[in-house]
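J.: Quick one, what's the 3D model for this:
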Amino acid sequence: MSCSDSSLFIQTNSLRTTILAVYVDDIIITGSDTSYISTLITELSAQFAIKNLGNLNYFLGIEQKYALDLLQRAAMLNFSSTPFHNPSLYRSIVGALQYITITRPDLAFAVNSVCQHMQSPTNDHFTAVKRILPYLKRTVTLGIQFTRGPFTLTAYSDADWAGDTCDRRSVSGDPER
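T.: Alright, predicted model coming up:
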C-alpha cells in the first residue's frame with residue numbers, strides 16, 4: 001500500500017512493477033509484465049466477482065468526460081451566470097472584505113475566492129459575497145483584537161496545532177524581555 005494513498009497498491013521486485021489503484025468498485029491494474037497482470041486478474045476473479053472491462057479508456061475523473069457527464073446530469077452543461085450589473089459595487093465590497101481579513105483570518109479563504117472574480121463578476125459571484133456578509137454580521141465581535149498594554153505575540157509554525165512545544169516561539173514587544 002502507498003503511504004500517501006491508501007487506495008494505491010504497488011508491488012515492486014527485480015522482475016516487475018505492478019500497480020493496483022482502487023476506487024469504490026473500480027480497479028485499475030497496470031505494470032511492466034502483461035503476463036503477470038493476466039495471472040493476477042485470474043487470481044482475483046477466483047476470489048471475487050469481477051468484470052474485466054479490457055484496456056483502460058475511462059476511469060472516473062481521468063478524462064474530462066466524467067466532469068462533462070456530471071454537468072450534463074445536473075443540467076448545468078450550458079449554464080452560464082449573467083454579469084453582475086454593478087461591478088464597482090462588487091469590487092468595493094470585496095476590497096473592504098479583503099481589508100477585514102487582517103483581523104479576521106477566518107474569512108480569508110472565502111474572501112480570497114470572491115477576490116478571484118474582481119475583473120468580471122457575475123450574479124453568482126455576488127451571491128457568494130452576500131453569503132459572507134451575514135456570517136460577518138453574526139461574528140462581528142470576533143477576530144484579532146488590538147488593545148493598549150504589553151504586547152506578547154505567540155506564533156506556531158507547525159501543522160499539529162502546536163502540540164509539539166519545541167516549535168513555540170514567543171516574541172515580545174517589550175525590548176527588555
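
J.: From the centroid of the protein, which residue is nearest?
T.: F109 (11.2 Å; C-alpha atoms, centre = their mean).

J.: in the protein, which spans are helices?
T.: 34-47, 64-73, 87-100, 108-115, 123-138 (DSSP state H).

J.: Chain neighbours aside, what residue packs nearest to A110?
T.: Closest residue in space to A110, ignoring its immediate chain neighbours: I132 at 5.2 Å, by C-beta to C-beta, 6 or more residues apart in numbering. Where you see a C-beta, it was placed from the backbone N, CA and C, and this is true even at glycine.

J.: State the distance from that neighbour to H125.
T.: The spacing between I132 and H125, counted by C-beta to C-beta, to the nearest Å, is 11 Å.

J.: Low-confidence regions, this protein specifically.
T.: Per-residue confidence for the chain (pLDDT under 70) gives these ranges: 1-2, 57-63, 155-177.

J.: re earlier: roughly how far apart are the residue nearest to A110 and F48?
T.: 48 Å.

J.: Same question for T39.
T.: On the measure of C-beta to C-beta, T39 and F48 end up 15 Å apart.

J.: what do you get for T101?
T.: 51 Å.

J.: do the same with H117
T.: Distance of H117 to F48, computed by C-beta to C-beta: 48 Å.
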